[in-house]
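Enquirer: What follows is a predicted protein model with its sequence.
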Amino acid sequence: MNEPTDQLPALHNKIVRAHADVEYIASLLAAPISEQTRKACLKRAQRAVKLLHNAATALSITPASLLGSIGGRKTAERGPDYFRKIAAMRKTRAGGRPRKNED
């Protein structure tokens, strides 16, 4: 599984490319443009939007959610017998941490 820090260089590259696209579009829009240049601007604007969306999505993946997905896979490896045992312990209150004595 990729660590969150492994994704940072790719995320940085996406943001830099999107920034370059936006700067290019802004420089072209400062002067009158031809139809061909307008189409090129539109194409780069759409690419910048996709890059920024991908970067924002990558930023929303928190380390906790990555760990949670790992935990879910490890739990699934235990199989149905493990869950039957856990359910039985819950029914007899045999599982979990012992209660504190209030002395």
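Expert: Perfect, I can see it now.
Enquirer: Would you map the helices across the protein?
Expert: For the chain, the helices defined by DSSP state H cover 8-29, 35-60, 63-78, 80-91.
Enquirer: Go through the longest one and flag the buried ones.
Expert: Using 16 or more other Cβ atoms under 10 Å as the test for burial, helix 35-60 gives Cys41, Arg44, Ala48, Leu51, Leu52, Ala55. C-beta: built from backbone N, CA, C; applies to glycine.
Enquirer: ok, Leu51 to Thr75 distance?
Expert: Taking Cβ to Cβ, to the nearest Å as the measure, Leu51 falls 35 Å from Thr75.
Enquirer: lowest-confidence stretch among the helices of the chain?
Expert: When the helices of the chain are compared by mean pLDDT, helix 63-78 comes last with a mean of 70.
Enquirer: Settle this for me: Asp21 is touching Arg44, isn't it.
Expert: Yes: Asp21 lies in contact with Arg44 (Cβ atoms under 8 Å); the separation is 4.4 Å.
Enquirer: Got the domain ranges for the protein?
Expert: Per automatic domain parsing, the domain ranges recorded for the chain read 1-61, 64-94.
Enquirer: now the first one, how far from the chain's geometric center?
Expert: Centroid displacement of domain 1-61 relative to its chain, using Cα atoms, centre = their mean, to the nearest Å, is 18 Å.
Enquirer: begin at 364 from here
Expert: In the new numbering, first residue 364, that becomes domain 364-424.
Enquirer: and the buried residues of helix 398-423 as JSON lines, adding distance to Pro395?
Expert: Formatted as JSON lines, the buried residues of helix 398-423 follow (distance: Cβ to Cβ, whole Å):
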{"residue": "Cys404", "distance to Pro395": "13"}
{"residue": "Arg407", "distance to Pro395": "18"}
{"residue": "Ala411", "distance to Pro395": "22"}
{"residue": "Leu414", "distance to Pro395": "27"}
{"residue": "Leu415", "distance to Pro395": "27"}
{"residue": "Ala418", "distance to Pro395": "32"}
